[in-house]
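> have a look at this fold, sequence not included:
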């Protein structure tokens, strides 16, 4: 097979720059240094500014396009360099998001307990109370917010100065790595690359003025959590668990991580998800499928507030899959549960801010 420049450019025309939604050929992002040596191809991508948040994902997209549309035998991996046209904006390390009043980290000790559902619906419930709310889907390897909010096909654009404009749905400003990768592909990134992508979604986005910024963290404990604490001053953390003992054991570890000397983030409280099953036709009945009040007992044991108990109702699953968070219906059983959760979270944040001062958030040094 013979490679030639137009063949390469035809393949790269399938790659779109997330900042504008146009192909990188239309954006003239391919430098004049395209080189072909047998089956080896190399070139540079020109970005509008230094440390462009889309650089890493775009390099991978270019590699994938050439291997897919030309041949898997093309030697391209590692042969794409980046050129940045403008210097990076300066960010105040002490206050990187000056327009954000409170930052809430929603975490879980293990996967499968509904942490992302809690984070998404908490954000919507806060927005319904009239607050300015942002949500960052920080689960780099399992982004779910785009589907939960019904905007999987959204592609955030960039402002003239290169800042990412968050999508908005149900009154919530939203960013997720899911907007920048193929929803059917796994995100196969090492920890350092994932952390850098996360920092770019935070610092290179136009979040504007927010009363509450909700972070949907990955499950467990990892360097992603440390990156967030090092990057942002977090007001407090909410730990999500189900009533099962196996989940509660991991919730203890999550609480331990946040209260450790390395992280030192206040615990706003626990949320018990899947607390009981309530059939829609029997709203007053409660069936404890995973144990009864396990989180309530853990909250008492660890001397932290229990912010809410969220029942299992079919509408939660249907809402998440259908792109309409259940908190958008405040008159439903679960809508009322999330409204109460939002009220309790606000109360705990107010207590915390009165104790420590609204501007004195916790942040560890790198």
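In hand now; what should we look at? Predicted, not measured: the structure shown is a model, and the values here were computed from it.

> what's the most centrally placed residue in the chain in contact with, if anything?
Closest residue to the average C-alpha location of the chain: residue 137 at 1.3 Å, with Cα atoms, centre = their mean. By Cβ atoms under 8 Å, 6 or more residues apart in numbering, the contact list for residue 137 reads 116, 143, 144, 145, 146, 174, 175, 176, 177, 178, 216. C-beta coordinates here come from the backbone N, C-alpha and C atoms, glycine included.

> now it, which residues is it bridged with?
Taking DSSP bridges as the rule, residue 137 bridges to residue 176, residue 216.

> in this protein, which helix or strand is least confident?
Ranking every helix and strand in the chain by mean pLDDT, DSSP states H and E puts helix 314-322 at the bottom, with a mean of 61.

> strands of the stretch 251-366 of the chain, start to end?
267-277, 306-312 (DSSP state E, counting those that start in this stretch).

> so which of the ones you listed is nearest residue 210?
Proximity to residue 210, assessed across those by Cβ to Cβ, is greatest for strand 267-277 (16.9 Å).

> give me the angle between the closest one and strand 306-312.
Here the directions of strand 267-277 and strand 306-312 differ by 30 degrees (axes from the mean of the first three to the mean of the last three Cα atoms, to 10 degrees).

> could you tell me the per-residue confidence at residue 111?
Per-residue confidence (pLDDT) for residue 111: 78.

> so what's it closest to, chain neighbours aside?
Ranked by Cβ to Cβ, 6 or more residues apart in numbering and with sequence neighbours excluded, the top spatial neighbour of residue 111 is residue 219, at 4.0 Å.

> next, the one you found: secondary structure please.
Three-state call for residue 219 (DSSP: H, G, I helix; E, B strand; the rest coil): coil.

> that one: neighbouring residues, count only.
Neighbour count for residue 219, taken as other Cβ atoms under 10 Å: 20.

> same question for residue 28.
With other Cβ under 10 Å as criterion, residue 28 counts 9.

> still on that earlier bit, which of the contacts of residue 137 sit farthest apart?
116 and 175 (14.2 Å).

> got the contact list for residue 219?
Neighbouring residues of residue 219 by Cβ under 8 Å, 6+ apart: 107, 108, 109, 110, 111, 112, 113, 115, 139.

> got phi/psi on it?
The phi/psi pair for residue 219 (degrees, to the nearest 10) reads phi -70, psi 160.

> begin at 461 from now on, thanks
New numbering, starting at 461: the last item is residue 679.

> what's the burial count for residue 743?
12.

> separation between the residue nearest to residue 571 and residue 716?
15 Å (Cβ to Cβ, to the nearest Å).

> next: residue 594.
Residue 594 is 28 Å from residue 716, by Cβ to Cβ.

> for the two, indicate the residue with more neighbours.
Each of residue 594 and residue 716 has its neighbours counted (other Cβ under 10 Å); residue 594 has more, 28 against 13.

> and after the helix or strand encompassing the more buried one, which helix or strand comes next?
Here residue 594, judged by DSSP states H and E, is contained in strand 593-597. On the C-terminal side of strand 593-597, the nearest following helix or strand under DSSP H and E is helix 605-608.

> distance from that following helix to the middle of the chain?
Distance of helix 605-608 from its chain centroid, counting by Cα atoms, centre = their mean, to the nearest Å, is 10 Å.

> break this protein down into its domains, please.
As given by automatic domain parsing, the domain ranges for the chain are 465-544, 560-816.

> and the ones you listed, which one is worst for confidence?
What stands lowest among the domains of the chain, in mean pLDDT terms, is domain 560-816, with a mean of 85.

> ok now that one, how far from the chain's centre?
9 Å.

> report the buried residues of the biggest helix by length in the chain.
In the chain, with assignment by DSSP state H, the single longest helix is helix 793-816. Within helix 793-816, the residues that qualify as buried are 793-795, 797-799, 801-802, 804-806, 808-809, 812-813, counting by 16 or more other Cβ atoms under 10 Å.
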